[in-house]
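Student: This is the structure alone, sequence omitted:
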């Protein structure tokens with residue numbers, strides 16, 4: 001059985017994405033977030049995509065100086081090697097829009113609504129949204 005938990009890096013999709021991030025950094029963030037930020041309301045955001053979006057948004061927040069508590073080792077190492085850095089405003093805006101989409105309308109939200117851990121998942125995503133909103 002794969003990894004599955006309410007944290008934004010506590011699932012296989014996010015862990016796989018983070019592994020690829022080490023080799024592709026902002027190119028992967030761009031590919032992951034751009035499509036979601038451009039979605040129209042009728043477009044479906046599936047659970048796997050939503051998990052990748054949350055991982056990408058976490059990396060944007062971390063790169064901008066607002067990392068999660070206890071980031072995964074891969075992210076902590078990447079930050080140590082690449083800090084300080086300036087994050088392009090378009091990445092921040094794409095991350096904000098994508099996280100809002102995951103919270104409001106995604107298959108991932110529906111999956112968590114049916115579980116007993118919805119509150120934990122929602123808290124983790126709202127924490128990410130709050131950190132993104134703190135970026136000037």
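Tutor: Yep, it's here. These figures come from a predicted structure and were not determined experimentally.
Student: which residues touch the helix or strand hosting residue 132?
Tutor: Following DSSP states H and E, one finds residue 132 within helix 118-134. With contact meaning C-beta atoms under 8 Å, 6 or more residues apart in numbering, helix 118-134 is reached by 6-8, 54, 57-58, 60-61, 66-68, 92, 95-96, 99-100, 102-103, 112, 115. All C-beta atoms are positioned from the backbone trio N, CA, C, and that covers glycine.
Student: what's the spacing between it and its chain's center?
Tutor: 10 Å (C-alpha atoms, centre = their mean, to the nearest Å).
Student: Quick check: buried residues in it?
Tutor: Neighbour counts over helix 118-134 (16 or more other C-beta atoms under 10 Å) mark 121, 124, 125, 127, 128, 129, 131, 132 as buried.
Student: again, but for stretch 63-71
Tutor: 63, 64, 66, 67, 68, 71.
Student: Can you report how many residues lie near the nearest residue to residue 51 once chain neighbours are set aside?
Tutor: Closest residue in space to residue 51, ignoring its immediate chain neighbours: residue 13 at 3.7 Å, by C-beta to C-beta, 6 or more residues apart in numbering. Neighbour count for residue 13, taken as other C-beta atoms under 10 Å: 22.
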